[in-house]
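Give the three-dimensional model of this entry:
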Amino acid sequence: MAVGPDETAVTSPIAGGNLESSIDVSLRLQNKTTTTTTTMALKTLSAKAAAELDKELMSTGGFSIDQLMELAGLSVSQAVYRLHPPSAGKTILIACGPGNNGGDGLVCARHLFHYSYKPVVYYPKRSSSDLYSRLCTQISDLGVPFVTDFPKALSQADHVVDAIFGFSFRPPIREPFPAVIAALVASKVPVTSVDAPSGWDVDAGPPAEGPAKDFHPAALVSLTAPKPLVKFFKGRHFLGGRFVAPKIAEKYGFEVPEYPGIDQVVEIKVEDQGDTEAGDKL
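Numbering: from 1, shown residues only. Take a look at the predicted model:
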């Protein structure tokens, strides 16, 4: 998603104009009846390129910020359903930050409610904008609770959605989120991160120090296209970007994979992922 409050676009260089790196992946396409595996080179977008792409989608691509947030939150909710079906435990804690990543989390909470989960939302730094107010109203009308005691909510959760910081995050981590991320690190509750594990550098991955240093969520849902940090990520990885026009994808040098059936996410299996320089194949 585009840059939001307390999130600043990173201005790292982009190899080849818009792209940061390329990785060899196996796309595992699943629906209720078939499983298809194919291999392709998946390109990653730097923070700067991702921000430019979001702006283009809204300026000339015909999308509004509401639409992009809705598509992102829907994608995350479908990934959670695959990772943690309701039969595995229905209490899903969604930790929302102050920017658009948090908005994605609010949308996700609404969809999870309609999938028969019992979402709980931690949203300590609410935006006063009309968009975020409407998102909060939508889930409040469903009876979804907003909580203020994160450790207590975490102790009662079956799964966590990390929607605190996205690709436009830059340190330092502001209060009250250092303790929140530290609690996620210490907890055994599985975590699914939205677009980036919160506190990670979009290009360099986990920081050398601070609460996010040892934060390794169980799953990641990349939005539109993966970011360079995925080369440091070892969990299950999903991609949600089934809305990008082919001409825009071509302009930014990435390929939209084939999504199975009516799914809004596709699982990506990265083979032998390791440390490489931008532009190298893994």
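
Run through this protein and note the low-pLDDT ranges.
Applying pLDDT under 70 to the chain picks out residues 1-42, 270-282.

That one: helices as residue ranges?
All helices of the chain, identified by DSSP state H, fall at 47-59, 65-83, 100-114, 130-140, 150-155, 177-186, 246-252.

most centrally placed residue in this structure?
Nearest to the geometric centre of the chain sits Val194, at 1.9 Å (C-alpha atoms, centre = their mean).

about what we covered before: the helices of the chain: which one's closest to Gly240?
Nearest to Gly240 among the helices of the chain is helix 65-83 (2.6 Å), distances taken as C-beta to C-beta. Placement of C-beta: from N, CA and C, glycine included.

partners of the closest residue in space to His237 that isn't next to it in sequence in the sheet?
The shortest distance from His237 to any non-neighbouring residue, by C-beta to C-beta, 6 or more residues apart in numbering, is to Ile268 (4.6 Å). Beta bridges link Ile268 to Leu27, His237, judged by DSSP bridges.

Hmm, Ile268 is touching Ala225, no?
No. Ile268 is beyond contact range of Ala225, at 10.8 Å (criterion: C-beta atoms under 8 Å).

Compare those two and say which one has the larger neighbour count.
Ala225 (24 against 21; other C-beta atoms under 10 Å).

Would you confirm that the more buried one contacts Asp54?
No. Here Ala225 lies out of contact with Asp54, judged by C-beta under 8 Å, at a distance of 11.1 Å.

List the residues that contact the closest residue to Leu135 other than its chain neighbours.
Residue nearest to Leu135 in three dimensions, not counting chain neighbours: Leu106, with 4.1 Å by C-beta to C-beta, 6+ apart. Contact partners of Leu106, counting by C-beta atoms under 8 Å, 6 or more residues apart in numbering, are Gly73, Ile94, Cys96, Val121, Tyr123, Tyr132, Leu135, Cys136, Gln138, Ile139, Ala163.
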